[in-house]
Every structure is written in C-alpha cells, then in structure tokens.
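Colleague: Predicted model, plus sequence, below.
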Amino acid sequence: MPPRRLTKLFFHHFRPLCTSTTTSSRSPIDPALLLRLCTILYQQQDAPDPRFHSHLQKLHLSPSHELFLQVCNRFPYSWKPVHRFHHFLLHSYSFSHSPVTANKLLDVLAKARNIRLLWSFLHDILAARLFTPRTLHLAARSLAEAREIKKCAELFHLIHSYNYHSLYNVDTLNQVIETLCARRMVDVAKAVVAKLAPFIAPDVATYRLLVVGFCKAGDLVESSKLWNKMLEAGLEPDVESYEEIVVTLFKNNRFEDAMRMFNSMRDRRFSDLGLPSYRVVIAWMCKEGRILHAHMLFGEMVKRGVGVEDSATLGALVYGLLVRRRVREGYRVFEGVREPDISLYHGLIKGLLRLRKAAEATEVFREMIKRGVEPIMHTYIMLLQGHLGKRGRKGRDPLVNFESIFVGGLVNVGRTLEATKFVERMMWGGVEVPRFDYNKFLHWFSNEEGVAMFEEVGKRLRDVGLVDLGDIFLRYGERMATRDRRRKAMNGLIEA
C-alpha cells in the first residue's frame, strides 16, 4: 500500500516527512523567545497562512527538535497551534522529525482526540521509517480511548503494509493488550483480539492479560468465557491466570468454586505453584475462619520449602487464629518469628482489634516501634477505628471526644458537607451516619499546622485518661504528619 497523500484537513495539509538530519542538539531555548512564539501560535492559530507565516518569520527562529518539543509541552491538549507550527517548519525550514518529536506530535493529536489527523500522521510516520513500538502504543491507546476499535485493529494491518514485519506478531499484540488493560479498556482489548484472530492467533499470554483484566474489572462472567475459550483452543492457563480467577471467586463469596479452581491448579501445575498462590488462598481461608485448612496448606508450603518464613502468610495465620479466639496459638506463631515485619504486626493488631482488645493492640503498636518496625498509614487507621469505631463512638469526656476532635476538625478545614450527618447525630441522635474516613482526615491535617493539632489533641486525650488514643495521636504527629517527618522516620532518624 503506497503512502497516502494527505488532503487539506482543517485548512492545512501535511508534507511527507523527510529523513534527512537537522540540527538536534539540546541547546538551551531562550524563555523569552519561547513565550513570544507560543503567544503567536495561540493568538494566530486561526489566521490565514500568509499572516501566520509572516508573524513567525519575524522571530528569526533556529528550528531544532528541542524547540519543537518545548512547543508541544506548552500545548499538550491543543492540536491546532502545534499542527500549524509543524506545518510551518516543514515548508519554511525543511524540518525533519526524529522518532521522539514524531511521537510527541502524535501524543498531542491523541490527547486532543483528533483521530482523523492522527491517522493521517501515522501514514507519514510509517513512510518516513520513524515508527517505533512507542508509536504503536501511543496510537493504540488513543484510538482505544476514542472507541475506534476498527482502526485500532487496522493499525496492525497498516504497519504490515509498510513492511514492519518485525512488529506484526503476537508479542507486539500482547504489548498493546497490556497497555489497554492497564488503562481499564479491557473490553476494547478483547474486541481488538477478536478482529485480529484470523491473522494473529492469540497465545497464552494474550488470554492471561484478558482474563486478569476482566477479573480486576469485576467481570467474572466474561473472564470465565475467555477461560473456557482458552481451554477450547488447546491452551493451558498459566499460574497467574489461575491466581486471578481464584481471587475473584473469593471476592464474589464463591468459596467452594475458588477452592475447586485452586485444587485444579495444584493438580495441573503443581511444579509452578509458588508463594503468591499459597499466600492468597491461606489469607482468604483465614478470613473465612477455616483455620484447619489453612494450616494444612501452610504445612504443604513448609514441606515444599516455599516461603517458610513469609511474613504476609504468617500474619494471615495469626489473624485467623485470633479471630477464632485461639489467642495463645496466635501469639505462639507470632513469637516464633525472630524478626517480625509490618505484615506480621498488622495481622496481630487486626486480630486483637477484632476481639475488641484495643488496649492490647496499642501495646503491640508501642512494641513494634521499639523494635524498629516503622508503622505506616494503615497501622494508624486500624488503631483509630479500633478505639473509636468505624462510625465514631460517644466518648466519656464531654469536651474531648470523637465529635470535638474529628467532626470539629472537618469543620475547621472547611469540610462541612462531610460533617453534616455527624453533627445531626450529635444534636438529635439516632441518625444513620456513613463510615468515617480516617484516611482523608489524616491527609487533610498532614502539614505543619497538623503537627501542632495532633500534639495538642494527644495531650488532651492523655489528660482525660485516654492514654492509648493520646499516644497514637502523638506518635502520628511526631512521625507521620508531614512528608519530611515520614522520610526521617523511615530512615531511622527519629528515635522511637
């Protein structure tokens, strides 16, 4: 297929890209000149060609790749100024693109959703032999976002017609499918695979990406259809596909189906079964309270020598034992690890909070800091929920309680809408309130003003007898309230 001549599009036309070299040294661009240039491009973008060119020629430009990239950065979502400047450079200076500048212009056209111009420019890139895998990903992503499924599939035929045979294979297709699935366009990815199936046969990796994509999107029905289609094609699913299906079945409360799928994976791919597979199933078994089955599976892990001291798995076991009120066994597992990490401590703290032992969980929190394990945001949120409840509890002290600290804090930062229901409950009682978002609250006060607030609140809580809760606030203000404090705490620059 010969290169297509571009007709007039939006009052302008492209000139075929040349491959001769031009000066592309990264010489610094004068900011004042760049500002004048961009001002002209913006103000004169709808002007006739003669007037537009005369304004630009008065600047006495020295065209370079760096200048073109800077202009594209100034107009990331506006195609017309960049397109007209590109057209001017081609005709007035015989400007030649590099793969980087070509991809940059393609990105601007994609963000502006000018699909007609983008498709035409793709022909020029291919004819100039500037097409790269990066170009393919940009084009496929933009076409998919515009729901141009037909063109997205035709893109592969287009690169094949320009003799890019090295890119016309299933590996390239999988890279494109991975890009689309990562941007939550798995339905478009599936349609592209279906249209290209007669020409590029999908392999195990293709089906894996689609199955995982639909599972993460919560569409178990579609992922099951693809799974059956993969088996009908004589392809054996890999471990990652099995794991994602198992997790999705667990999330949909289909425990028996999940275990049946896991047993199938164990029968078919036992040698490939690794730590992630065991960790996922053991964690969900512990959540369901099936400790006996979790112990049996953990014994199989130990026998195979797979992740014997994996803290995430042991943390799940500790949590499961505590939930079943087997506290001594949970502590025995915890103390059996010489150097417990954050996952193991989280399992213990979460289990104690489920048993409504907030004071004991806070002691574990203090011990955790003494042993050099730095808490993260999730640790503080768990402890706050354990002490105050997910919707806030009425405190003993009339002045220092959930309403005065958290509801008053929302009002102070201007979040009156979020505080409305809690104020109504405080005034009239019996009002159903949503779950309080401690994460957002801590984020809103993560600044220097928040440091003083957390310190003051922590001291007031200790004064009224809420020592554990006061320590949590003091620790957060000291170690987590600002980015600089978090960095110092993680690097061990703040003493426990």
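Modeller: Perfect, I can see it now.
Colleague: now for the helix or strand hosting residue 240, which elements pack on it?
Modeller: Using DSSP states H and E, the element containing residue 240 is helix 239-251. With contacts defined as 3 or more Cβ pairs under 8 Å, 6 or more residues apart in numbering; DSSP states H and E, helix 239-251 has these neighbours: helix 204-216, helix 220-232, helix 255-268, helix 275-288. In short, each C-beta sits where N, CA and C put it, glycine included.
Colleague: can you redo those as TSV with mean neighbour count and mean pLDDT?
Modeller: As requested, the helices and strands packed on helix 239-251 are exported to TSV (neighbours: other Cβ atoms under 10 Å; pLDDT from 0 to 100):
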stretch	mean neighbour count	mean pLDDT
helix 204-216	23	93
helix 220-232	16	92
helix 255-268	16	89
helix 275-288	21	88
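Colleague: Tell me which of the ones you listed approaches residue 316 most closely.
Modeller: helix 275-288 (4.1 Å; Cβ to Cβ).
Colleague: For the following helix or strand past the closest one, buried residues please.
Modeller: Using DSSP H and E, the helix or strand that follows helix 275-288 towards the C-terminus is helix 291-304. Neighbour-count burial for helix 291-304 flags 291, 294-295, 297-298, 301 (criterion: 16 or more other Cβ atoms under 10 Å).
Colleague: still on that earlier bit, make a markdown table from the helices and strands packed on helix 239-251 and add distance to residue 61 to it.
Modeller: What follows is the helices and strands packed on helix 239-251, written out as a markdown table (distance: least, Cβ to Cβ, whole Å):
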| stretch | distance to residue 61 |
| --- | --- |
| helix 204-216 | 45 |
| helix 220-232 | 53 |
| helix 255-268 | 62 |
| helix 275-288 | 55 |
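Colleague: Let me know which of these is the nearest to residue 79.
Modeller: Using Cβ to Cβ, the helices and strands packed on helix 239-251 put helix 204-216 closest to residue 79, at 30.1 Å.
Colleague: Need the contact partners of the closest one.
Modeller: By Cβ atoms under 8 Å, 6 or more residues apart in numbering, the residues outside helix 204-216 that reach it are 170, 173-174, 177-178, 181, 186, 189-190, 193, 220, 222-223, 226-227, 229-230, 235-238, 240-241, 244-245, 247-248.
Colleague: low-scoring stretches of the protein, by residue?
Modeller: For the chain, the stretches flagged by pLDDT under 70 are 1-27, 307-308, 393-401, 426, 430-431, 490-496.
Colleague: Report the central residue of it.
Modeller: residue 182 (8.5 Å; Cα atoms, centre = their mean).
Colleague: From residue 190, how far off is that residue?
Modeller: Using Cβ to Cβ, to the nearest Å, residue 182 is found at 15 Å from residue 190.
Colleague: cool, and residue 323?
Modeller: 39 Å.
Colleague: Who has more neighbours out of those two?
Modeller: Neighbour totals were compared for residue 323 and residue 190, and residue 190 leads with 22 against 18 (other Cβ atoms under 10 Å).
Colleague: so what's the more buried one up against?
Modeller: With contact taken as Cβ under 8 Å, 6+ apart, residue 190 is in contact with 210, 214, 222, 226.
Colleague: Give me the buried positions along the helix or strand hosting it.
Modeller: Here residue 190, judged by DSSP H and E, is contained in helix 186-196. Going by neighbour count (16+ other Cβ under 10 Å), the buried part of helix 186-196 is 186-193, 195-196.
Colleague: Which strands and helices lie in contact with the helix or strand where residue 117 lies?
Modeller: Applying DSSP H and E as the criterion places residue 117 in helix 115-127. The contact analysis (3+ Cβ pairs under 8 Å, 6+ apart) places helix 115-127 against helix 99-111, helix 133-145, helix 149-161.
Colleague: now for the second one, which elements pack on it?
Modeller: In this structure, helix 133-145 makes packing contacts with helix 99-111, helix 115-127, helix 149-161, helix 170-182, helix 186-196, judged by 3+ Cβ pairs under 8 Å, 6+ apart.
Colleague: from memory residue 313 sits against residue 281, does it?
Modeller: No - assessed by Cβ atoms under 8 Å, residue 313 is found out of contact with residue 281, at 9.9 Å.
Colleague: With distance to residue 67 added, can I get the helices and strands packed on helix 115-127 in TSV?
Modeller: Conversion of the helices and strands packed on helix 115-127 to TSV gives the following (distance: least, Cβ to Cβ, whole Å):
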stretch	distance to residue 67
helix 99-111	10
helix 133-145	21
helix 149-161	29
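Colleague: now these in a markdown table, with distance to residue 33 and mean neighbour count?
Modeller: Converted to a markdown table, the helices and strands packed on helix 115-127 look like this (distance: least, Cβ to Cβ, whole Å; neighbours: other Cβ atoms under 10 Å):
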| stretch | distance to residue 33 | mean neighbour count |
| --- | --- | --- |
| helix 99-111 | 18 | 21 |
| helix 133-145 | 29 | 21 |
| helix 149-161 | 37 | 18 |
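Colleague: quick one: residue 28 from residue 62, how far?
Modeller: Counting by Cβ to Cβ - residue 28 and residue 62 are separated by 12 Å.
Colleague: and residue 40, which of the helices and strands packed on helix 115-127 is closest to it?
Modeller: Proximity to residue 40 (Cβ to Cβ) singles out helix 99-111 among these, at 17.6 Å.
Colleague: What's the local residue count around the residue nearest to residue 115 when sequence neighbours are not counted?
Modeller: What sits nearest to residue 115 in space, not counting adjacent residues and going by Cβ to Cβ, 6 or more residues apart in numbering, is residue 146, at 5.4 Å. Residue 146 has 16 neighbouring residues, counting by other Cβ under 10 Å.
Colleague: How about residue 456?
Modeller: Using other Cβ under 10 Å, residue 456 is surrounded by 13 other residues.
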